[in-house]
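Undergrad: Let me see the structure of the following:
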Amino acid sequence: MTIRVMLVDDHEVVRRGVRDLLESEGDLEVCGEAGTAEEAIARAQAVRPDVAVLDVRLPDGSGVEVCREMRSRLPALRCLMLTSYSDDEALFGAVAAGASGYVLKQVRSSDLVESIRKVAAGESLLDPALVARMMQRLRRGPEEDQRLAGLTEQERRILDGLAQGLTNRQIGGELHLAEKTVKNYVSNLLAKMGMSRRTEAAVYAARVEERHQHG
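TA: Modelled structure (predicted):
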């Protein structure tokens, strides 16, 4: 059975390298490519891949958001995030968006191929202990919405940016604020929410939003 893979990365040379690598394997077929978030969402619906390999940072948005959007339209789709950074932020964002895992761009070719096969087979590459801990933290229920009640309108906007996986600089660009100002806002809102990490706040906000949409 051939695994249909879609590649989403704004660097053509990266896409070409990954395409060549995957197509040299007998069971993998690249069925589509995209260089922007908008293009990725449109192409995914047209080609309906089994697995999407998504760069976390795209020129017009976050791969994490694209993953969430794609999976809301194609629930059977498995997403594998590709990132240059090994950080909790990428991991938390990926978990919140329903990705099956994430791999570093420095990964060995054979490991990337293996990761795609595992994800296609329904396996998760995310550390189960970390996912469980995060879910537990997020399941504390609606009374925790009080944490958001204490935030100012601007802090809420910044928190929304965090929930989308944006960097301070990207949030600043959207809200016309200096990067340093955004950093100060983030520190303040974390203190108000009783959290020490921006990733914690981002995932929390994403889940609250999801609960409101479905509840």
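Undergrad: With Ile171 as the reference, measure out to the residue nearest the centre of the chain.
TA: Geometric centre of the chain, nearest residue: Val64, 2.1 Å, by C-alpha atoms, centre = their mean. Relative to Ile171, Val64 is positioned 14 Å away (C-beta to C-beta, to the nearest Å). In short, each C-beta sits where N, CA and C put it, glycine included.
Undergrad: Can you name the next helix or strand after the helix or strand hosting the residue nearest to the centre of the chain?
TA: In this structure, Val64 sits in helix 63-73 according to DSSP states H and E. Reading on from helix 63-73 to the C-terminus, the next helix or strand found by DSSP H and E is strand 78-83.
Undergrad: Which strands or helices does the longest helix seen in the chain pack on?
TA: If you go by DSSP state H, the chain has its longest helix at helix 198-214. Packing partners of helix 198-214 (3 or more C-beta pairs under 8 Å, 6 or more residues apart in numbering; DSSP states H and E): helix 88-97, helix 128-138, helix 146-149, helix 153-163, helix 179-193.
Undergrad: What average pLDDT does whichever helix or strand comes after the fourth one get?
TA: This means helix 153-163. Toward the C-terminal end, the helix or strand that comes next after helix 153-163 (DSSP H and E) is helix 168-175. Across helix 168-175, pLDDT averages out at 92.
Undergrad: circling back to that earlier point, residues in contact with the helix holding Val64: which ones?
TA: 8, 37, 40-41, 44-45, 52, 54-58, 77, 79, 81-82, 90, 93-94, 96-99, 164-165 (C-beta atoms under 8 Å, 6 or more residues apart in numbering).
Undergrad: So which elements touch the helix or strand where Arg15 lies?
TA: Assigned by DSSP H and E, Arg15 falls within helix 12-23. Helices and strands touching helix 12-23, by 3+ C-beta pairs under 8 Å, 6+ apart, are strand 3-8, strand 28-34, helix 109-120.
Undergrad: Need the winner for burial among those.
TA: By mean neighbour count, with neighbours taken as mean count of other C-beta atoms under 10 Å, strand 3-8 ranks first of the helices and strands packed on helix 12-23 at a mean of 24.
Undergrad: what about the residue of the chain most remote from its centre, distance to Thr2?
TA: Each residue of the chain has a distance to the centre, and by C-alpha atoms, centre = their mean the biggest one is for Gly26: 28.7 Å. The spacing between Gly26 and Thr2, counted by C-beta to C-beta, is 8 Å.
Undergrad: again, but for Ser109
TA: Separation of Ser109 from Thr2 (C-beta to C-beta) stands at 19 Å.
Undergrad: what do you get for Ser196?
TA: Distance from Ser196 to Thr2, counting by C-beta to C-beta: 45 Å.
Undergrad: do Ile158 as well
TA: For Ile158, the distance to Thr2 - C-beta to C-beta - is 44 Å.
Undergrad: same deal with Val182?
TA: 45 Å.
Undergrad: Which one's more surrounded, the two?
TA: Taking other C-beta atoms under 10 Å, Val182 and Thr2 do not tie; Val182 has more neighbours (24 against 11).
Undergrad: So that one sits against Leu159, correct?
TA: No: when contacts are counted by C-beta atoms under 8 Å, Val182 is not listed as touching Leu159 (11.2 Å).
Undergrad: got the buried residues for the longest helix of the chain?
TA: Residues Arg198, Thr199, Glu200, Ala201, Ala202, Val203, Tyr204, Ala205, Ala206, Arg207, Val208 are the ones in helix 198-214 that count as buried (16 or more other C-beta atoms under 10 Å).
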